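> A structural model of the following input is requested.
(one chain, ligands or ions: 2)
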Amino acid sequence: MTGVLTALHDRAREVLDPVFYDYVAGGAGGERALADNERAFDRLALLPRVLRGSAVRDTAVRLPGAPATAPVLVAPTAFHRLAHPDGELATARAAAAAGVVLVTGLAATTAVAEVVRAARAVDPDAAVWFQLYLQPDPEVTECLVRRAERAGCTALVVTADSPVFGRRERDLRNGFTDLPPGYAAENMRDLPGGPPGGTRPIAMSPELSWDDLARLRAMTALPVLLKGVLHPADARLAVAGGVDGVVVSNHGGRQFDAVPAAVDALPAVVEAVAGRVPVLLDGGVRRGADVAIALALGATAVGVGRPVLWGLAAEGERGVRRVLDTLLDEYDHALALCGARGNADLTGDLVVRRGAGVR
Ligand SMILES: Cc1cc2nc3c(=O)[nH]c(=O)nc-3n(C[C@H](O)[C@H](O)[C@H](O)COP(=O)(O)O)c2cc1C
Ligand SMILES: CCCCC(=O)C(=O)O
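Ligands and ions are numbered 1, 2, ... in the order given. Predicted structure coming up:
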C-alpha cells in the first residue's frame, strides 16, 4: 500500500474494535485469494513509453450512470457506521468531493436515500450506484430496486458471487455473525414479509439463476452491472443478458479462497466481453500504479474496498477523501511516468510479468 494508505490502515487498526477490524481485513478460508489479490499486482510491471507525454492527463472515464468520472470507484462495503459514527454519510461526501462514484451497499447502515442526499449536497451531479443481492423473494427485490430508483441512484450493481456466505475463519473465531445491537441494515427496513418498522435479514441464495437476472433487467430502466464475475463464459452470458457492465471481482477474497486474484482473471473477461460493455475490476488495488495496470489490461475503472474503510475508521470523511485523492493523484503520476496522455494510452503491451523479461 502507499504510505498514506498504510498510515490510515495502522490508525484504523488502533481505533477499531478488533472483532470489526478482523471482519474488514479478513477473507475466506486460508485467505489465499485475499493475499493473492495484492500479490498479483506485485507480479505485474509497467513498461513505460518515452517522449510522448502531456502536462495535462485525461483521466476521465464514461460509465453507465456516471458521465465523466474518475477511473476509481468506492466498492460496496457493509456497515460503515461500525467504522465511524458518520458512517456512509461521510463516505458519500468524500466520494462526491473526490469526483468518484460511490457504490452504496444493500448492507449499508444508512438508508440509500440519505446516502444519495449527502453526496448530492456536495455535488448535485454526484453518481451513487446501489449494490444489491437479489433476494429469493422477487417482491422484496423489486421493493429494493424502487427504493434505489426513488433515492436517485443512477445504476444497480448485482453481486453474484455469494450463493452462500463465505467461511471467514476470523469471524467464526471471533463470533462475529451480525451487526451489534443499535445498528441495522437500513435498506432492509419495512419490506414485504418483514416486521413492520423492523428489518428483514439479507438472504443469500444458491438457487438464483440467470432468469432472476433477466427478471431484474426487465424490472428497471437503470443500468445494471454484474459484480463477481471471474469466468469468461459468465461474462458472455451477462452481456447476452443485457447487463451494462461487468465487475471482475472475487469479493476481496471474502467468499472463496480457491479462486484466482481478480487482476489475473481480468484479461480473459476483457477478451470475452470484447468492448460491448465496460469491464470493471476490484480487489487488491492499493496504489495508483495498480489502477494503471488494470486499465492497461482493459478495465474501464477499478473499485476500492478496504482502504476506504481504513480511511473512514481513522479520520471519517477526511480519511476517505485522503484515500481517494491519494490513489487518483498517484494514478495521474503513473500516467505521466508511462508517457501516457490519458487512460487511452494505457495499452496491453505496457503490462509485463515482473521477473519474466520483456519480449
Ligand atoms: C468489510 C467489507 C464488506 C463488504 N461488503 C460487501 C457487500 O455488502 N456487497 C458486495 O458486493 N461486496 C462487498 N464487499 C466486497 C467489495 O465490494 C470488494 O469486492 C472488495 O472489498 C474489493 O477488494 P479490496 O478490499 O481488496 O479493495 C465487502 C468488502 C469488505 C472488505
Ligand atoms: C450481508 C452482508 C454482506 C457483507 C459482505 O458482502 C461482506 O462482508 O463481504
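> which residues touch the residue nearest to Gly245 when sequence neighbours are not counted?
Among residues not flanking Gly245 along the chain, Leu225 sits closest, at 3.8 Å (CB to CB, 6 or more residues apart in numbering). Glycine gets a C-beta too; all of them are placed from N, C-alpha and C. Contact partners of Leu225, counting by CB atoms under 8 Å, 6 or more residues apart in numbering, are Pro64, Trp129, Ala155, Leu156, Val157, Val158, Val243, Asp244, Gly245, Val246, Val247, Leu280.
> What strands line up against whichever strand or helix holds the fourth one, and which way round?
The secondary structure element spanning Leu156 is strand 155-159 (assigned by DSSP states H and E). Sheet pairing of strand 155-159 (DSSP bridges) gives strand 128-132 (parallel), strand 224-229 (parallel).
> Kindly reformat those strands as TSV containing mean pLDDT.
Listed next are the strands paired with strand 155-159 as TSV, based on pLDDT from 0 to 100:
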stretch	mean pLDDT
strand 128-132	98
strand 224-229	98
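> Out of those strands, which one sits most buried?
Most buried of those by mean neighbour count (mean count of other CB atoms under 10 Å) is strand 128-132; its value is a mean of 27.
> residues from the stretch 201-350 of the chain in reach of ligand 1?
Residues of the stretch 201-350 of the chain lying close to ligand 1 by CB under 6 Å from any ligand atom are 227, 249, 251-252, 254, 282-285, 303-306.
> try 8 Å this time
227-228, 247, 249-254, 262, 282-286, 303-309 (CB under 8 Å from any ligand atom).
> Same check on the stretch 51-200 of the chain?
Contact residues (CB under 8 Å from any ligand atom) of the stretch 51-200 of the chain with ligand 1: 75-79, 103, 105-107, 131, 133, 157, 159, 161-162.
> Buried subset of those, written for ChimeraX?
Of these, the buried ones can be selected in ChimeraX as follows, counting by 16 or more other CB atoms under 10 Å:
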select :75,76,77,78,79,103,105,106,107,131,133,157,159,161,162
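> Could you work out the most separated pair of the residues of the stretch 51-200 of the chain next to ligand 1?
Greatest spatial distance in those: Phe79 and Asp161, 18.5 Å, computed using CB to CB.
> most surrounded residue in the contacts of Leu225?
Neighbour counts for the contacts of Leu225, by other CB atoms under 10 Å, peak at Val247, which reaches 33 neighbours.
> so what's the nearest residue in space to that one that is not next to it in sequence up against?
With sequence-adjacent residues excluded and distances taken as CB to CB, 6+ apart, Val247 is closest to Lys227, at 3.8 Å. Under the criterion of CB under 8 Å, 6+ apart, the neighbours of Lys227 are Pro76, Gln131, Val157, Val158, Thr159, Ala160, Asp161, Val247, Ser249.
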